[in-house]
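**Q** Show me the folded form of this:
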Amino acid sequence: MDESFIYERLKALSGGLEREGYRDISKAFEEVVRYNRQALRELETKLNEELRDISERFYLYGAVAAAGDTPIVNDFLFPMDEGSEPESLATVFCPCAKSRLRELFGQPHELEIQTDAGTVTRKARFAPCRRYQRRIGELRDVYYENGVYWRTPYLPYVDRFADVFCEEQGAGPEGEIRFIRMKDLDLPLSLGLVPLWNVEPVKLKCTVFPIPAIDERYFCHTLRLPFPQDGYVVRRERGIRNMYMSARGMEVITEERGQKEFALYRIAVRRDVKVPHYPLTSNMRRMRHIDRQADNAAGRLCTRAEIGRIASVYEASEGLKLVEIREDRQGSAEGEGGRYRFAPPGRERLCLAFRAEERGFLTEDQVSFLAEEVQGAFPQFAVTGEIV
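**A** Next up is the predicted model:
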């Protein structure tokens, strides 16, 4: 209620009893308005919590940057691995379509290598950077140990990093390598780039004395988190009984009596930063009301509309439109993870046909990722995708 209106109304009243009665009535109306506003705020907060994805702190983001540019995106993106393979000449990044990666890794190639000492020609082979895949596998195992749901990661840049190995033993060029070009294939190669993701290994120590349990065998270690809004998972070691999040931080139940340092992974939530070189990729879902209802449903609907919902809920579907679901047809893009290879052959096949607004070198990876997500929801079908 407007206070000026009440003041003007009180001035118009002549009798004292009338003014006192009106004042009591106006106070009652003010309390009703205040209560309604508070109830609306509580309802809005409750709806936002129901629509919020509880796993938003554990989504994975990926990008590519030069080795010297990583401090630009600090506290959000970090190098996956800064090491190198033994006997490797260099680590290169090939921004090409997924279908052309087979040409890169299939057979040895003639390379023109420019170094500080000059330009030489060598026959070399390319091998995928397994150390990056190992990092993803280690994080997946830690997710399982902490009871966090593991979603298919959408990190397509990792597959485009390769280590260069010379075919002849000890025939590597002298000096620092500045430039590499393939003489037999027209594929771009870049040096000095590293893959980034939003995962940082950290070590935290309990700053207070551990609290003993009733049986005095296990003790609760409370770890103060430097960024409480981010997600954290603990690398399970011998003696750790349980770990969970609380209002105080990360609680680790272990047999260790004294203060101990624990190894964790910090999964940073998205920050508003400018990512250099290439666009940011993620397996994040857009949590609409229909998506929240689908997550809370007792069973999943086996309909074409449900397939369309899954294919449009992820940020990775940006720039793609599902135009048709074709039965009994094999597409060119298979799922990323291959989690259902154990299923017997002869299943019905589904092919998801997508139309791309603008085709780039990651478009095939987008289709493969979406096909994998639909495959996880419909294991009775062999799901593939294609671009039309």
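**Q** Every contact and neighbour count from this point should use C-alpha atoms.
**A** Will do.
**Q** where exactly do the helices run in this structure?
**A** Taking DSSP state H to define them, one finds helices in the chain at 3-12, 16-51, 101-106, 130-145, 289-296, 304-313, 363-377.
**Q** mean pLDDT for these: which is lowest?
**A** When the helices of the chain are ranked by mean pLDDT, helix 3-12 comes last with a mean of 61.
**Q** What confidence value was assigned to the nearest residue to residue 193 once chain neighbours are set aside?
**A** What sits nearest to residue 193 in space, not counting adjacent residues and going by C-alpha to C-alpha, 6 or more residues apart in numbering, is residue 66, at 4.4 Å. Note on residue 66: pLDDT of 85.
**Q** I'd like the mean pLDDT over stretch 164-174, please.
**A** Averaged across stretch 164-174, pLDDT comes to 76.
**Q** start to end distance for it?
**A** 15 Å (C-alpha to C-alpha, to the nearest Å).
**Q** Stretch 191-201 too?
**A** Separation of the first and last residues of stretch 191-201 by C-alpha to C-alpha is 25 Å.
**Q** cool, stretch 304-321 as well?
**A** First-to-last residue span, stretch 304-321, C-alpha to C-alpha: 14 Å.
**Q** buried stuff in that stretch?
**A** For stretch 304-321, the buried set under the neighbour-count rule, 16 or more other C-alpha atoms under 10 Å, comprises 306-308, 310-314, 316-317, 320-321.
**Q** Quickly name whichever of these is closest to residue 28.
**A** Within those, the smallest distance to residue 28 is 47.2 Å, found for residue 313 (C-alpha to C-alpha).
**Q** Confirm for me that the closest one is in contact with residue 286.
**A** Yes - Residue 313 is within contact range of residue 286, at 5.3 Å (criterion: C-alpha atoms under 8 Å).
**Q** quick one: contacts for residue 146?
**A** By C-alpha atoms under 8 Å, 6 or more residues apart in numbering, the contact list for residue 146 reads 233-234, 243-244.
**Q** Show the pLDDT at it.
**A** 89.
**Q** so how far is residue 242 from it?
**A** 8 Å.
**Q** Can you tell me how far residue 236 is from residue 212?
**A** Distance from residue 236 to residue 212, by C-alpha to C-alpha: 20 Å.
**Q** no no, residue 93
**A** The value you get for residue 93 to residue 212, if C-alpha to C-alpha is used, is 51 Å.
**Q** same thing with residue 379?
**A** Distance from residue 379 to residue 212, by C-alpha to C-alpha: 46 Å.
**Q** Please identify which of the two sits among more neighbours.
**A** Neighbour count, other C-alpha atoms under 10 Å: between residue 379 and residue 212, residue 212 has more, with 17 against 13.
**Q** from what I can see the more buried one touches residue 252, true?
**A** No - proximity of residue 212 to residue 252 does not meet the contact threshold set by C-alpha under 8 Å, at 11.7 Å.
**Q** Quick check: neighbours shared by the two?
**A** Both residue 212 and residue 252 are contacted by residue 220, under the criterion C-alpha under 8 Å, 6+ apart.
**Q** tally of neighbours for the closest residue to residue 105 other than its chain neighbours?
**A** Closest residue in space to residue 105, ignoring its immediate chain neighbours: residue 126 at 5.4 Å, by C-alpha to C-alpha, 6+ apart. Residue 126: 21 surrounding residues under other C-alpha under 10 Å.
**Q** check contacts around residue 126.
**A** Contacts of residue 126 by C-alpha under 8 Å, 6+ apart are 104-105, 108, 162-165.
**Q** Reformat those residues as JSON lines; add neighbour count.
**A** JSON lines is the format used below for those (neighbours: other C-alpha atoms under 10 Å):
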{"residue": "104", "neighbour count": "20"}
{"residue": "105", "neighbour count": "14"}
{"residue": "108", "neighbour count": "16"}
{"residue": "162", "neighbour count": "22"}
{"residue": "163", "neighbour count": "20"}
{"residue": "164", "neighbour count": "20"}
{"residue": "165", "neighbour count": "23"}
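**Q** Of those residues, which belong to strands?
**A** With strands defined by DSSP state E, the entries of the contacts of residue 126 inside them are 162-165.
**Q** Determine the longest strand present in this structure.
**A** Longest strand in the chain, counting residues (DSSP E): strand 118-128.
**Q** Just the buried positions in it, please.
**A** 121-128.
**Q** from the chain's centre, how far out does that strand sit?
**A** 34 Å (C-alpha atoms, centre = their mean, to the nearest Å).
**Q** Which members of the contacts of residue 146 are positioned in strands?
**A** 233-234, 243-244.
**Q** Format those as TSV; extra columns: neighbour count and distance to residue 116.
**A** Shown next, in TSV, are the ones in strands among the contacts of residue 146 (neighbours: other C-alpha atoms under 10 Å; distance: C-alpha to C-alpha, whole Å):
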residue	neighbour count	distance to residue 116
233	24	45
234	24	45
243	21	52
244	14	53
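**Q** which stretches of the stretch 251-388 of the chain aren't confidently modelled?
**A** 289-290, 292, 294-299, 335-347 (pLDDT under 70).
**Q** one more time with 80
**A** Across the stretch 251-388 of the chain, the ranges flagged by pLDDT under 80 are 273-277, 287-302, 331-347.
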